[in-house]
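Peer 1: Got a sequence here, can you model it:
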Amino acid sequence: MSTVKSVPEADAAISTPPSGTSRQEPRSLIEQAFQRLRADILHGRLPAGSKLPIDEIKARYQVSGGTLREALSLLVSDGLVKAQAQRGFQVAPMSLEDMRDLARTRVLLEGEAVRLSVQHGDVDWEARLVAAFHRLSLIEERTMRDPVTYFEQWEQDNRAFHEALISACPSSWMLRFIGVLYVQMERYRRFTSTHNPPARNVHDEHRALLDSALKRDATRCADMLRAHIESSIDVAVHVGALG
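Peer 2: Sure, this is the predicted structure:
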């Protein structure tokens, strides 16, 4: 039985192809296929561990085999897809141990990034951070009441807040790797989005991050970030659906 689910066109995240000559068209098609596959994986429409049958997906997205393989290769580099020798491609599996590994790595990189950001941030950085926290605060209350309806907007505003928090970090490589880790963790956040242990208050965690950052307490901010990231593991354990 096929693991590929039908997805309404409106739900697919499709980037606008760049204008230009016909030489650019193949690259735009690869980008479109990449974005749609990525969205379907992050939203669970292509389940973790499922095979990706080339012929079915090629028909589903109406792209050539070459374009599809290029898009899948980009997803392999992002860690969302695994290439299996002589067996094609599959969506990267999910597990509690994998989530813990991602969290540990994110703590190491993002913890250092937030220290540097707090140390180097200027007035504009403070303004970006306060504005991002304000937007996030507005959606968090609604999301607590109705996570199904508001999770998409919360996910966008949550990412914007975390990006603002580390945006003054001077290391472009560090920020690049953190972005990859964030996408990987997004799958787990979506998976557990309707479950929240009563003891956890995500808004208070974000407030603690904001306050310590604005006080320029880099050590405390990094400690708060560690606790914030690691608390997501408690959510996964509470859900109990990951092996």
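Peer 1: how about the most centrally placed residue in the chain, what does it touch?
Peer 2: Geometric centre of the chain, nearest residue: Val183, 2.6 Å, by CA atoms, centre = their mean. Contact partners of Val183, counting by CB atoms under 8 Å, 6 or more residues apart in numbering, are 42, 78, 80. C-beta here means a position set from N, CA and C on the backbone, and glycine is covered the same way.
Peer 1: ok, which stretches of this protein are helices?
Peer 2: For the chain, the helices defined by DSSP state H cover 25-42, 54-61, 65-78, 96-120, 123-145, 147-166, 172-191, 202-214, 218-239.
Peer 1: Can you spell out which helices and strands pack onto the shortest one?
Peer 2: Here helix 54-61 touches helix 25-42, helix 65-78, going by 3 or more CB pairs under 8 Å, 6 or more residues apart in numbering; DSSP states H and E.
Peer 1: in the shortest one, what counts as buried?
Peer 2: Residues of helix 65-78 classed as buried: 67-72, 74-75, 78 (neighbour count, 16 or more other CB atoms under 10 Å).
Peer 1: now swap in the first one and tell me
Peer 2: Of the residues in helix 25-42, those buried by neighbour count under the rule 16+ other CB under 10 Å are 28-42.
Peer 1: returning to what we had before: among the contacts of Val183, find the lowest-pLDDT one for me.
Peer 2: Ranked by pLDDT, the contacts of Val183 bottom out at Asp78 (87).
Peer 1: in terms of contact, does it touch Val180 like I think?
Peer 2: Yes - using CB atoms under 8 Å, Asp78 is in contact with Val180, at 6.2 Å.
Peer 1: Just give the nearest non-adjacent residue to Leu75, would you?
Peer 2: What sits nearest to Leu75 in space, not counting adjacent residues and going by CB to CB, 6 or more residues apart in numbering, is Val81, at 3.9 Å.
Peer 1: May I have the residues that are in contact with the nearest residue in space to Glu110 that is not next to it in sequence?
Peer 2: Nearest-residue entry for Glu110: Ile178, 5.3 Å, with adjacent residues in sequence omitted and distances by CB to CB, 6+ apart. Ile178 sits next to 106, 109-110, 113, 166 when contact means CB under 8 Å, 6+ apart.
Peer 1: Please apply the same query to Arg200.
Peer 2: With CB under 8 Å, 6+ apart, Arg200 has these contacts: 231, 234-235.
Peer 1: Would you write a PyMOL line that selects the buried entries of the residues you listed?
Peer 2: To isolate the buried ones among those in PyMOL, judged by 16+ other CB under 10 Å, type:
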select buried, resi 231+235
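Peer 1: Going by distance to Ser95, which of the contacts of Arg200 wins?
Peer 2: Val235 (14.9 Å; CB to CB).
Peer 1: Without its sequence neighbours, what residue ends up closest to that closest one?
Peer 2: The shortest distance from Val235 to any non-neighbouring residue, by CB to CB, 6+ apart, is to Thr192 (4.9 Å).
Peer 1: Tell me the backbone dihedrals of the one you found, please.
Peer 2: phi -110, psi 10 (degrees, to the nearest 10).
Peer 1: got a list of what Ala236 touches?
Peer 2: Contacts for Ala236 (CB under 8 Å, 6+ apart) come out as 96, 99, 188, 191-192, 242.
Peer 1: quick one: which of these is nearest Val123?
Peer 2: Within the contacts of Ala236, the smallest distance to Val123 is 35.0 Å, found for Tyr188 (CB to CB).
Peer 1: Same list, the helices of the chain, but as a markdown table with distance to Gln90 please.
Peer 2: Shown next, in a markdown table, are these (distance: least, CB to CB, whole Å):
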| stretch | distance to Gln90 |
| --- | --- |
| helix 25-42 | 11 |
| helix 54-61 | 12 |
| helix 65-78 | 10 |
| helix 96-120 | 14 |
| helix 123-145 | 31 |
| helix 147-166 | 25 |
| helix 172-191 | 14 |
| helix 202-214 | 32 |
| helix 218-239 | 22 |
